[in-house]
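A.B. asks: I'll drop the sequence and a predicted model, then ask my questions.
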Amino acid sequence: MSRVPVGIWLLAPAVLFLALFFVFPLMKLVAISLPDGSFQFYEQIFTTPVFLRVIGETFRVSGIVMLITVLVAYPYAYAMAQAGKGVLLVLTVALLIPFWVSLLLRSFSWIVLLQNSGLVNSLLLSLGLIDKPLRLIRTPSGVVIGMVHILLPYAVLPLYTVMKKIDLRLMEASAICGASWLRGFARVYFPLSLPGVLAACILTFTLSLGFYITPALLGSPRGMMIAQMIAGQFSEQLNFGLGAALAVVLMVLTAIAFGLFGGIREWVRRRQIRKEAA
Amino acid sequence: MPNEVLLRLEAVSKRFPGGVVGLDAMDLEVAPGEFLSLLGPSGCGKTTSLRVTAGFETPTSGRIFLDGRDITALRPFDRPVNTVFQDYALFPHMNVAENVGFGLSLRKVPAAAQRKQVATALDMVGLGEKISARVAELSGGQRQRVALARAIVCKPRILLLDEPLSALDAHLREHMQMELKRLQSSLGMTFVMVTHDQTEALSISNRIVVMNKGRIEQVASPALLYDRPATKFVAGFIGTMNLLEARLVGRDGATLRYMSGDLPLELSADQNEVSADGRAHTIGVRPEDLVATPSAGLATVPAKIESVVFHGRTLRMHAQLISGAPVIIDASRQAAETAFDIGDIVHVRQRPGANSVVLKA
């Protein structure tokens, strides 16, 4: 008889909850996307240029957002990992307070900041850096700014967790072996922080794929992302089947992206071991 | 003072934020090829002096010279100095060969020459067969050897060792002490080692610097440090020493006569400065230089045995003199007459020909 861990029944409420409110609706969604077992909605998605364009746009924006978020988060996390108690507290609070504010509120705040008469434009105008207001809102850059801001904690926290564990003596050891700070960083610190970079990439990219409110408020209709399109099918077109099929496509693509990142991580690990065995 | 000077610290002070004094105007000269130990309790400044020399800390004042060149302002990676860290600080994402070859690869040494030098360095520390092992697979002692190989491979002018053996168990530590000594003499390299373990310092150094509160108490060879400690602190730190308050009462040629209460003490006049000012001096008397006998005799004072501890070849007795001063007496186990029990009254005197010293505060 196989051994059953003691107290496994404690999982029952969670399993029941997930089965009832997650697995069942998900199966229902898949069923709706396949009326009478026909793949018509999926055919429609993959043969209509507008859907493909929106999917492509979603991945493009997510990629850009991931790149910028991780680039901004890396020095922030580095500063946190190096900081003393007081500075660390300030940096953590500064990071987490926006995190606790509703997503909707934050996206609206960006409208206030980025609109033609908003804070950013009036500041740039009064400094004489620009002659007429920049078009920041209802543009792809507006979406990217808002999404990067919202996703920053998701990138900073895994980076910080990994960096905190890097022994600072290693940088001293590399310096004493003759490495300048930059070379020590490139050959010792950065490789050791890579697991954090990958985790930050996975989180920001996969979360970006499903963003809805921020692109809806800050973006232009031309730069529509897939979540907006799904919402449109359900609430405006009332085409539940197509909406469900789009949702399934998003889910599968997200899973593929997730798997790809996992594969990269495994590849990096394997290469490390191979190099050591050589 | 050494004739030839490799490293010189000139009035080096280090004050940390918050007013903590790490180093207080430290002067030190290190000769080429010597094995020098910095010995002292934690917080005495020994590690700070090492970090200042390596360039990890900038001295608040003072200057550091290496080969006569002022290196005070040089950054760590520009100094021809290497360090073995207490926790080894090996690069976890590199294998043994990459760790050892790290400095060579930064210096753009051709790959073939790199491989050869790495292999030589690893052979030197007796770890040749582990060249492609992962750091995680190594034991503590093996990591220590990798750290050593990484430090010597670039042939630094001076190798700094920060409590290199403190993470090893006692048995391995003793073995590594001898290995360190062998490595140092076969390389002819200058080693400066920080330690808080007096036995370690005494057994492998040419000279020992005893530090306390950011200052140097005494610099001397191990034997001299043991026989002629200069201060109470050194006497208390190196081995065991009875500190007895005594007054100078007379002089017979080369012998100074002191009285500590009713206990007469004789000191050699050549080695101790005479100051017949009548003030009390602290005399350091080693436990093996005190003799306890069952019967009273000339120049003995009574004492009560408080504990007897087995110490292998000797028995260590803690006793209280009639004056109230506690003393420690080491007696040979072979001498049957010294088999005392707790509570016995014994008669204590200084062993003739004892090597006792006047200690400065």
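C.D. replies: Sure thing, it's come through. Residues are numbered from 1 along each chain as shown, chains lettered A, B, ... in the order given.
A.B. asks: quick one: the longest helix anywhere in chain A to chain centroid distance?
C.D. replies: In chain A, with assignment by DSSP state H, the single longest helix is helix A:240-277. Here helix A:240-277 is found 14 Å from its chain centre; the criterion is Cα atoms, centre = their mean, to the nearest Å.
A.B. asks: Equivalent analysis for stretch B:103-114, please.
C.D. replies: Chain-centre distance of stretch B:103-114: 36 Å, with Cα atoms, centre = their mean.
A.B. asks: quick one: contacts of that stretch?
C.D. replies: Applying Cβ atoms under 8 Å, 6 or more residues apart in numbering or on different chains, the set of residues contacting stretch B:103-114 from outside is A:177-179, A:183, B:82, B:101, B:117-118, B:150, B:153-154. To be clear about C-beta, it is placed using only N, CA and C from the backbone, and glycine gets the same treatment.
A.B. asks: burial count for residue 93?
C.D. replies: Just so you know, I chose chain A. For A:V93, the count of nearby residues is 9 (other Cβ atoms under 10 Å in any protein chain shown).
A.B. asks: ah, I was thinking of chain B
C.D. replies: 18.
A.B. asks: Can you mark which positions in the helix or strand of chain A with the lowest mean pLDDT are buried?
C.D. replies: Least confident element among the helices and strands of chain A, by mean pLDDT, DSSP states H and E: helix A:240-277 (a mean of 85). Buried residues in helix A:240-277, counted by 16 or more other Cβ atoms under 10 Å in any protein chain shown: A:241-250, A:253-254, A:257, A:261, A:265, A:272, A:276.
A.B. asks: secondary structure element for the most centrally placed residue in chain A?
C.D. replies: Computing the C-alpha centroid of chain A and ranking residues by Cα atoms, centre = their mean puts A:T204 first, at 1.7 Å. If you go by DSSP states H and E, A:T204 is part of helix A:190-209.
A.B. asks: what packs against that helix?
C.D. replies: helix A:49-82, helix A:140-164, helix A:240-277 (3 or more Cβ pairs under 8 Å, 6 or more residues apart in numbering or on different chains; DSSP states H and E).
A.B. asks: nearest to chain B, of the ones you listed?
C.D. replies: Smallest distance to chain B across these (Cβ to the nearest Cβ): 4.3 Å, for helix A:240-277.
A.B. asks: Flag the shaky bits of the chain, pLDDT-wise.
C.D. replies: In the absence of a named chain, chain A is used. Chain A contains residues with pLDDT under 70 at A:1-2, A:272-278.
A.B. asks: The chain in question should be chain B.
C.D. replies: Short version for chain B, where the test is pLDDT under 70: B:1-3, B:271-278, B:335-338.
A.B. asks: Could you list the domains of it?
C.D. replies: B:7-236, B:241-359 (automatic domain parsing).
A.B. asks: how far does the last one sit from the chain's center?
C.D. replies: Read that as domain B:241-359. Worked out by Cα atoms, centre = their mean, domain B:241-359 lies 26 Å from the chain centre.
A.B. asks: what do you get for the first one?
C.D. replies: Centroid separation for domain B:7-236 versus its chain: 13 Å, with Cα atoms, centre = their mean.
A.B. asks: and the end-to-end length of it?
C.D. replies: Domain B:7-236 has its terminal residues 29 Å apart, counting by Cα to Cα, to the nearest Å.
A.B. asks: now swap in stretch B:34-53 and tell me
C.D. replies: Start and end residues of stretch B:34-53 are separated by 16 Å (Cα to Cα).
A.B. asks: can you tell if it touches chain A?
C.D. replies: No: judged by Cβ under 8 Å from any Cβ of the partner chain, stretch B:34-53 and chain A are separated, with a smallest distance of 8.9 Å.
A.B. asks: Which single residue in the stretch 151-300 of chain B comes nearest to chain A?
C.D. replies: Counting by Cβ to the nearest Cβ, the stretch 151-300 of chain B gets nearest to chain A through B:C154 (6.8 Å).
A.B. asks: Now for that residue: which residues touch it?
C.D. replies: Contact analysis of B:C154 by Cβ under 8 Å, 6+ apart lists A:177-178, B:82, B:103-104, B:107.
A.B. asks: Check whether it sits in a helix, strand or coil.
C.D. replies: Counting by DSSP: H, G, I helix; E, B strand; the rest coil, the backbone at B:C154 sits in coil.
A.B. asks: So it versus B:P92, what's the distance?
C.D. replies: For B:C154, the distance to B:P92 equals 21 Å [Cβ to Cβ, to the nearest Å].
A.B. asks: How about A:L238?
C.D. replies: According to Cβ to Cβ, A:L238 and B:P92 sit 57 Å apart.
A.B. asks: one step back: any buried residues in the helix holding A:T204, and which?
C.D. replies: A:191-193, A:195-209.
A.B. asks: what ranges do the helices span in the stretch 151-300 of chain B?
C.D. replies: Ranges of helices within the stretch 151-300 of chain B are B:170-187, B:198-204, B:222-227, B:232-237, based on DSSP state H, counting those that start in this stretch.
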